[in-house]
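Asker: Okay, structure incoming, though there's no sequence with it:
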């Protein structure tokens, strides 16, 4: 069972991740060790050439990883990204950007996750990210 709910993570976006709220990020689903986040399409996401910018996709992927780790360990605010890698695979179609993340390995101090990004309504991935989060020791 997930240690946080969809509503919990939306509240975290609203109160602790102001940059995510400003760009309209929403939580579609939180499960045990998995999450789906949505970034509604906005022209501000575009880079020259009319495609969604890399930093926009990276922000969504990292936020998704944060939701994934919290779903597994609970509200541990100091769980932080220690490594992040992304491969851009296809040009995103104009529309909401979706991030589907899951845990690959959960240890006592580190968690490894992956996130697949795609344009809403399209199955073809536009990017794939992997990352590691550091989990602080419980006091």
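Answerer: Done, it's in. Everything numeric here is computed off the predicted structure, so don't read it as measured data.
Asker: any idea whether the residue nearest the centre of the chain is helix, strand or coil?
Answerer: Nearest to the mean C-alpha position of the chain, by Cα atoms, centre = their mean, lies residue 64 at 1.6 Å. Under DSSP: H, G, I helix; E, B strand; the rest coil, residue 64 falls in the helix class.
Asker: Report pLDDT for it.
Answerer: Model confidence at residue 64, given as pLDDT, is 98.
Asker: Does it touch residue 34 like I think?
Answerer: No - counting by Cβ atoms under 8 Å, residue 34 is not a contact partner of residue 64; they are 9.5 Å apart. Where C-beta positions appear, they are placed from N, C-alpha and C, glycine not excepted.
Asker: Which residues are in contact with each of those two?
Answerer: In terms of Cβ atoms under 8 Å, 6 or more residues apart in numbering, residue 64 and residue 34 are both contacted by the residues 100, 101.
Asker: got the contact list for the residue nearest to the centre of the chain?
Answerer: Per Cβ under 8 Å, 6+ apart, neighbours of residue 64: 35, 36, 37, 99, 100, 101, 115.
Asker: quick one: which of those residues is nearest residue 23?
Answerer: Closest to residue 23 out of those is residue 37 (11.2 Å), distances taken as Cβ to Cβ.
Asker: Give the bridge partners for the closest one, please.
Answerer: With DSSP bridges as the criterion, residue 37 is bridged to residue 27, residue 99.
Asker: got a list of what it touches?
Answerer: By Cβ under 8 Å, 6+ apart, the residues touching residue 37 are 25, 26, 27, 28, 60, 63, 64, 67, 98, 99, 101.
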